[in-house]
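Participant: how would this look folded up:
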Amino acid sequence: MHVTIQIKMLSAFAVVLALTGVVGWIGVTQTQNLSSLLASMYDSNLIPASEAYNMEVALATRRSDVRDTVVYASDQQQRTAAINSMADQDKIISDDIAKIEAGTLTDQEKQALTDFKAAYADYKSTTDQVASLASRGQADTAAAKLSQEADALKKVTELADQVTAAQLADAKKNDVEGDQASSQAERMILAVLAAGMLLGLGVAVFLSRSISRGVSAVAFAIKGITEVDLAALANSSQAIAAGDLTQSFTMASKPVDVRSRDEIGEMAHSFNQMIVRLRETGEAFARMRAGLKETVTLIAENATQLASASVQLSDASEQAGSATQQIATTIQEV
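Facilitator: Numbers count the residues shown, from 1 in each chain. Sure thing, here's the model as predicted:
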């Protein structure tokens, strides 16, 4: 499969982009979880805790109203105002109880609220009796009844504190869970970021090494050809041109071992083909040198034979001349 450098780079970018998406998804998911947890804390803990505190304030106000009905037993207007205020506080407490019950309560909170409602019913009955005695002008009897009211108030206040404490304890628990969820989200994000950085670094190193290794191999081979092989070929050619047929040429460069299927691999393949052609050129050069050497040797041998024949002809010519001279002398003597 032909995989170009562009495809490799795009693939690496896609991996980094996917990891970024994973980090974003984790961040959004954990943020939504934290948001839901905070909303749950507000609805299930903060609002009920606030209502529980309002109940305690209403109880304190109601106790003051009860005492006012006794103190101002002879003043009908102020006594009536205190009784009306007691009714208002009763409504506030009833509304607060209803709001707390509408929320999500733990078993501990439900039990605390049930105990409070029972104690509050007893307290309300006692304080209503005090107000009724004061309204009928029985201030002394109403004042004596206040001791029972104090005991009932203490109990109901303690139970109101338990409701508040239960709400705050649950809120603290949710707060701890929120911190744990936040810490877990941070760890997950950091882990994914670290993995992404390591993977990105690994991809970058792999790509850079694969590209640089192929380019370096081709560059080294080109340097060897230009500085060694072509120089040796030029020197041998010049020597032969000068008549030195003892010079030879051998291709020293080896094919480049690059197996990638990208542009670098294609370049290395083309370069290897060039090395093959140069090696063929070197072999042809060696055959040419051998042929020239053989030809020169034959010429030298023929020249030697020709010189020998020339000497023999010269000797024969001298002998013929000598014979001719002898013949001429003989003729003259005759």
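
Participant: Helices of the stretch 51-200 of the chain, start to end?
Facilitator: 76-102, 107-135, 139-224 (DSSP state H, counting those that start in this stretch).

Participant: which helices and strands sit right next to the shortest one?
Facilitator: With contacts taken as 3 or more CB pairs under 8 Å, 6 or more residues apart in numbering; DSSP states H and E, helix 76-102 sits against helix 47-71, helix 107-135. (C-beta placed from N, C-alpha, C; glycine too.)

Participant: what's the answer for the longest one, then?
Facilitator: Other helices and strands packing on helix 139-224, by 3+ CB pairs under 8 Å, 6+ apart, are helix 5-41, helix 47-71, helix 107-135, helix 263-333.

Participant: Tell me which of those helices sits nearest to residue 180.
Facilitator: helix 5-41 (10.2 Å; CB to CB).

Participant: State the distance from residue 116 to residue 106.
Facilitator: In this view, residue 116 and residue 106 are 15 Å apart by CB to CB, to the nearest Å.

Participant: Who has more neighbours out of the two?
Facilitator: For residue 116 and residue 106, the more surrounded residue by other CB atoms under 10 Å is residue 116, and the numbers stand at 26 against 14.

Participant: gap between the residue nearest to the more buried one when sequence neighbours are not counted and residue 166?
Facilitator: The shortest distance from residue 116 to any non-neighbouring residue, by CB to CB, 6 or more residues apart in numbering, is to residue 159 (4.0 Å). Distance of residue 159 to residue 166, computed by CB to CB: 10 Å.

Participant: Give the residues shared as contacts by those two.
Facilitator: Listed as contacting both residue 159 and residue 166 by CB atoms under 8 Å, 6 or more residues apart in numbering are residue 112.

Participant: burial count for residue 237?
Facilitator: Residues near residue 237, counting by other CB under 10 Å, number 15.

Participant: so which helix or strand takes in it?
Facilitator: helix 230-241 (DSSP states H and E).

Participant: Export that helix to PDB, keeping only CA atoms.
Facilitator: The C-alpha trace of helix 230-241 is given here as PDB (Å, rounded to 0.1, in the frame of the first residue of the first chain):
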ATOM      1  CA  LEU A 230      32.300   9.200 -10.400                       C
ATOM      2  CA  ALA A 231      35.800  10.500  -9.400                       C
ATOM      3  CA  ALA A 232      37.300   7.000  -9.900                       C
ATOM      4  CA  LEU A 233      35.500   6.700 -13.300                       C
ATOM      5  CA  ALA A 234      36.800  10.100 -14.400                       C
ATOM      6  CA  ASN A 235      40.400   9.200 -13.300                       C
ATOM      7  CA  SER A 236      40.300   5.800 -15.100                       C
ATOM      8  CA  SER A 237      38.900   7.500 -18.300                       C
ATOM      9  CA  GLN A 238      41.700  10.100 -18.200                       C
ATOM     10  CA  ALA A 239      44.300   7.400 -17.700                       C
ATOM     11  CA  ILE A 240      43.000   5.400 -20.600                       C
ATOM     12  CA  ALA A 241      42.900   8.500 -22.800                       C
END
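
Participant: starting at the chain centroid, how far to it?
Facilitator: 58 Å (CA atoms, centre = their mean, to the nearest Å).
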